[in-house]
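> with the input below, show me the fold.
(4 chains)
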Protein chains: 2
Amino acid sequence: MRISAKGRYGLAAMVHLALNYNSGSPITIISISEKMGISKIYLEQVFALLKRGGLVLSMKGSQGGYQLARSPQEISAYDILASIETSMMEPADKTVADTQPHLENAMQELVFSKLDISVKTALTEVSLEDLLQNIESQSSPEQLMYFI
Amino acid sequence: MRISAKGRYGLAAMVHLALNYNSGSPITIISISEKMGISKIYLEQVFALLKRGGLVLSMKGSQGGYQLARSPQEISAYDILASIETSMMEPADKTVADTQPHLENAMQELVFSKLDISVKTALTEVSLEDLLQNIESQSSPEQLMYFI
DNA sequence: ATATATCATACCGAATTAATATGTTTTATT
DNA sequence: AATAAAACATATTAATTCGGTATGATATAT
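You can find the predicted model right below:
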């Protein structure tokens, strides 16, 4: 299933914020954009969506930056993608211009809403904390020696 | 979640074929397109995809048309949408241009593949037969009197 | 032969997506 | 007060996808 570039960048950026969650201090867009290898100006657009979704706090001005609005356990992949991929998360358009409404109803009930629920459930089940733990697990034990 | 027009038309058209399944005789694109209120030439493109997916049999020439390639119980919504919505069904592109592959791995495992599996499962669980039964159930008992 | 159908490409305009450009506002630091 | 560093806002561009047409070729029952 297709995830847009913004959606993927948003997920990755949120993991970076989560890694920084305990420091208490904000982290800048430009530092994240450098880690991710994308332009600062493009990532700004992603953060605008995350902010609108209430997932991050921002501080303007020098020494400013972004922080998670709540703990990594309390932020799901669904929260993030729902803030960014509006077309993915909006309920399926059912109109099929069919003369029989019974057919449209059946498609809506059995296929489209079922699909919407399934996607929402799957994405709600994974949190930023889960992603952090998975990343940690990949870096240990043998691989730890390859890092500083 | 967004379903393309072709995907919705494909589902509806397959239900029309399913309604005709027991007759043994093929049904034409133009008769379906009239029932659905869309152009014949556009629906032809949808049928080309369904054919490529092995879901329908076609007979060319006069008295030709289309039939289901197998019974309604044996055709799922997944079969249909997978034949049509390639962008929806193809595995998520994971590349996020991040310098840390651990992050990409985590996103892939915990989010993208989980999502792909969830979508596939939900759509595989519903068959054309299920749709037919749902349509029948809507037409009975009181509503039956409104039809010929 | 002819009418009726599938089948195959090519094309077009609109919408969406990915990304850049340009500037403004805010704020810590000096 | 001046400056630098940051978020914030909006417009623009380029590329891709999507929805739909157009044109014609091929096959086949009558």
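> list the contacts for the residue in chain A sticking out farthest from the centre?
Ranked by distance from the centre of chain A (CA atoms, centre = their mean), the top residue is residue A:99, with 39.2 Å. Listed by CB atoms under 8 Å, 6 or more residues apart in numbering or on different chains, the contact partners of residue A:99 are B:35-37. Using the backbone N, CA and C atoms, a C-beta is placed for each residue, glycine as well.
> please redo it, this time with the cut-off set to 6 Å
Contact analysis of residue A:99 by CB atoms under 6 Å, 6 or more residues apart in numbering or on different chains lists residue B:35.
> one more: residue A:16?
By CB under 6 Å, 6+ apart, the neighbours of residue A:16 are residue A:32.
> quickly find the element holding it.
Under the criterion of DSSP states H and E, residue A:16 resides in helix A:5-19.
> and the helices in chain A?
Assigned by DSSP state H, chain A shows helices spanning A:5-19, A:29-36, A:40-52, A:77-84, A:86-89, A:101-107, A:113-124, A:128-138.
> would you list those helices in JSON lines and tack on mean pLDDT and distance to DNA strand C?
Below are the helices of chain A laid out as JSON lines (pLDDT from 0 to 100; distance: least, CB to the nearest atom of the strand, whole Å):
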{"stretch": "helix A:5-19", "mean pLDDT": "96", "distance to DNA strand C": "4"}
{"stretch": "helix A:29-36", "mean pLDDT": "95", "distance to DNA strand C": "9"}
{"stretch": "helix A:40-52", "mean pLDDT": "97", "distance to DNA strand C": "4"}
{"stretch": "helix A:77-84", "mean pLDDT": "97", "distance to DNA strand C": "9"}
{"stretch": "helix A:86-89", "mean pLDDT": "78", "distance to DNA strand C": "4"}
{"stretch": "helix A:101-107", "mean pLDDT": "92", "distance to DNA strand C": "19"}
{"stretch": "helix A:113-124", "mean pLDDT": "96", "distance to DNA strand C": "15"}
{"stretch": "helix A:128-138", "mean pLDDT": "94", "distance to DNA strand C": "21"}
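> which of those helices sits closest to residue B:134?
Closest to residue B:134 of these is helix A:101-107 (CB to CB; 4.0 Å).
> how about residues contacting the closest one?
By CB under 6 Å, 6+ apart, helix A:101-107 touches A:94, A:96, A:98, B:11-12, B:15, B:131, B:134-135, B:138.
> do stretch A:125-135 as well
By CB under 6 Å, 6+ apart, stretch A:125-135 touches A:14-15, A:18, A:72-73, A:75-77, B:102, B:106, B:110-111.
> quick one, which of these are buried?
Buried members of those, scored by 16 or more other CB atoms under 10 Å in any protein chain shown, are A:14-15, A:18, A:72, A:75-77, B:102, B:106, B:110-111.
> number of residues surrounding the residue of chain A found nearest DNA strand C?
In chain A, the residue that lies nearest DNA strand C is residue A:61 (2.0 Å; CB to the nearest atom of the strand). Applying other CB atoms under 10 Å in any protein chain shown, we find 6 residues neighbouring residue A:61.
> go on, residue A:70?
Residue A:70: 15 neighbours (other CB under 10 Å).
> and it, how far is that from residue A:24?
14 Å (CB to CB, to the nearest Å).
> look up how far residue A:66 lies from the residue sitting nearest the centre point of chain A.
The residue lying closest to the centre of chain A (CA atoms, centre = their mean) is residue A:80, at 2.9 Å. Distance of residue A:80 to residue A:66, computed by CB to CB: 13 Å.
> over to residue A:73?
Here the criterion is CB to CB. By it, residue A:73 lies 19 Å from residue A:66.
> using CSV, list the CA coordinates for stretch A:41-57.
The C-alpha trace of stretch A:41-57 is given here as CSV (Å, rounded to 0.1, in the frame of the first residue of the first chain):
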residue,chain,number,x,y,z
ILE,A,41,12.3,23.7,3.5
TYR,A,42,10.5,20.6,2.5
LEU,A,43,10.6,19.2,6.0
GLU,A,44,9.1,22.4,7.3
GLN,A,45,5.9,21.6,5.4
VAL,A,46,5.8,18.2,7.0
PHE,A,47,6.2,19.8,10.4
ALA,A,48,3.4,22.3,9.7
LEU,A,49,1.1,19.3,9.3
LEU,A,50,2.4,17.6,12.5
LYS,A,51,1.8,20.8,14.4
ARG,A,52,-1.7,21.2,13.0
GLY,A,53,-2.3,17.6,14.2
GLY,A,54,-1.2,18.5,17.7
LEU,A,55,1.6,16.1,17.7
VAL,A,56,4.5,18.5,18.3
LEU,A,57,5.3,21.6,20.2
